[in-house]
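**Q** predicted model and sequence below, questions to follow.
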Amino acid sequence: MNVAVLTGASSGIGFAVAKRLAEEGYALIINSRQPEKALEELKSMGAQVTAVPGNLADEETCRQIIAEAERLGRLDALFLNHGGPPIKPMIEVTDEEWENYFRLMVLGPLRLFRQAVPLFQKNKGGRVVAISSFTVKNPYPGIVLSNALRAALVNALKTAALELGKDNIMINLVAPGYIFTDRTREWNESYAEQEGIDPEDIAQRTIQVVPLKRYGTPEEIAEVIAFLLTKNHYISGQQIIVDGGLIVAN
Ligand SMILES: NC(=O)c1ccc[n+]([C@@H]2O[C@H](COP(=O)([O-])OP(=O)(O)OC[C@H]3O[C@@H](n4cnc5c(N)ncnc54)[C@H](OP(=O)(O)O)[C@@H]3O)[C@@H](O)[C@H]2O)c1
């Protein structure tokens, strides 16, 4: 049975990807800080699934995830995902926040990736997808931690794709546009508070810049991620944008 590790898998995009991979017959190792509800839901679908609770930024979480994959004896697919950083103006972001979110958004995913590589090599290949954001291509005001730290992850993983292609390891990033999840509610409320308007006004303004005139669903982006994690044979080192054709300002 093929084995997939998915971090940030208890809700939103991560959970939708977990469900798709379960449908594909993969055994899942899911991680998030509180994965219990997702674990039960996936089990009720008939999935073979174990959970490693913990913060992706912590070395111990990573060690436990890899130990679980070793126990299952193989690793075929790795989805690197986590929650988004706080939304605040650049000049209000503290040194401590830069350090903490560097640990979560760059160091943690790269550490887990690095420790997964020997399992992929043993398996004669593997598929990796990391979450990114449309804000990497077009930096968006109020979300500097995402704009800057994701850019570091994108280029680190594109480098890895160049170096590890010889081992048949395909590494890609998927950049969501506006996908409706818990994160969207947080996003709309933060911008509404900053601008002194209603969150619904932010939602309406968002929809206007999406040519498809609606938010995407977690399932729609999960379809693309699941393809890259299970069926892709020749796409590597790419950032695939799934944004309904988003119109960006710059
Ligand atoms: N939704 C969008 O429109 C959109 C657009 C661009 C980029 N993104 C990015 O895509 C990613 C997923 O978005 P989403 O909308 O699916 O978010 P979400 O609904 O908030 O889900 C985030 C997931 O990550 C887990 N998580 C949070 N902090 C974690 C940590 N420290 N360690 C491990 N797991 C952690 C959460 O579970 P626990 O609470 O149990 O830990 C949850 O399962 C985020 O990074 C987001 O910023 C989203």
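**A** Great, that's in hand. Numbers count the residues shown, from 1 in each chain.

**Q** which residues of the chain lie near the ligand?
**A** Contacts of the chain with the ligand, taken as Cβ under 6 Å from any ligand atom, map to 7-14, 31-35, 55-57, 81-84, 104, 131, 133, 176, 178-179, 181-184. C-beta here means a position set from N, CA and C on the backbone, and glycine is covered the same way.

**Q** which ChimeraX command selects the buried ones in those residues?
**A** Listed next is the ChimeraX selection for buried residues among the residues of the chain next to the ligand, using 16 or more other Cβ atoms under 10 Å:
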select :7,8,9,10,11,12,13,14,31,32,35,55,56,57,81,82,83,84,104,131,133,176,178,179,181,183,184
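
**Q** inside strands: which ones of the residues of the chain next to the ligand?
**A** Within the residues of the chain next to the ligand, residues falling in strands by DSSP state E are 31-32, 131, 176.

**Q** any idea which of those is closest to D201?
**A** Nearest to D201, judged by Cβ to Cβ, of those is P176 at 21.7 Å.

**Q** OK, contacts around that closest one?
**A** P176 makes contact with 13, 131-134, 216, 221, 242-243, according to Cβ atoms under 8 Å, 6 or more residues apart in numbering.

**Q** now with 7 Å?
**A** With contact set as Cβ atoms under 7 Å, 6 or more residues apart in numbering, P176 has these partners: 13, 133-134, 221, 242-243.

**Q** where does P211 land in three-state SS?
**A** The local conformation at P211, judged by DSSP: H, G, I helix; E, B strand; the rest coil, is coil.

**Q** neighbours of it, how many?
**A** Number of residues near P211 (other Cβ atoms under 10 Å) recorded here: 11.

**Q** from K166, how far off is it?
**A** Remark: distance between P211 and K166 (Cβ to Cβ, to the nearest Å) = 39 Å.

**Q** can you give me the strands in the chain?
**A** Taking DSSP E to define them, one finds strands in the chain at 3-6, 27-32, 49-53, 77-80, 126-131, 169-176, 239-242.

**Q** I'd like those strands as CSV, with mean pLDDT appended.
**A** Below are the strands of the chain laid out as CSV (pLDDT from 0 to 100):
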stretch, mean pLDDT
strand 3-6, 98
strand 27-32, 98
strand 49-53, 98
strand 77-80, 98
strand 126-131, 98
strand 169-176, 98
strand 239-242, 96
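
**Q** okay, those strands in a markdown table with distance to L229 next?
**A** As requested, the strands of the chain are exported to a markdown table (distance: least, Cβ to Cβ, whole Å):
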| stretch | distance to L229 |
| --- | --- |
| strand 3-6 | 6 |
| strand 27-32 | 11 |
| strand 49-53 | 15 |
| strand 77-80 | 4 |
| strand 126-131 | 5 |
| strand 169-176 | 9 |
| strand 239-242 | 12 |
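
**Q** so which bits of stretch 210-230 are buried?
**A** Residues of stretch 210-230 classed as buried by neighbour count (16+ other Cβ under 10 Å): 210, 215-216, 218, 221-222, 224-230.

**Q** meant to ask about stretch 62-70
**A** Across stretch 62-70, burial judged by 16+ other Cβ under 10 Å covers 62, 65-66, 68-69.

**Q** could you work out the end-to-end span of stretch 174-182 for me?
**A** Distance between the two ends of stretch 174-182: 19 Å, counting by Cα to Cα, to the nearest Å.

**Q** who's in contact with the lengthiest helix in the chain?
**A** If you go by DSSP state H, the chain has its longest helix at helix 144-164. With contact meaning Cβ under 7 Å, 6+ apart, helix 144-164 is reached by 84-86, 90, 93, 97, 101-102, 105-106, 109-110, 113, 117, 130, 132-133, 135-136, 139-140, 171, 173, 236-237, 239.
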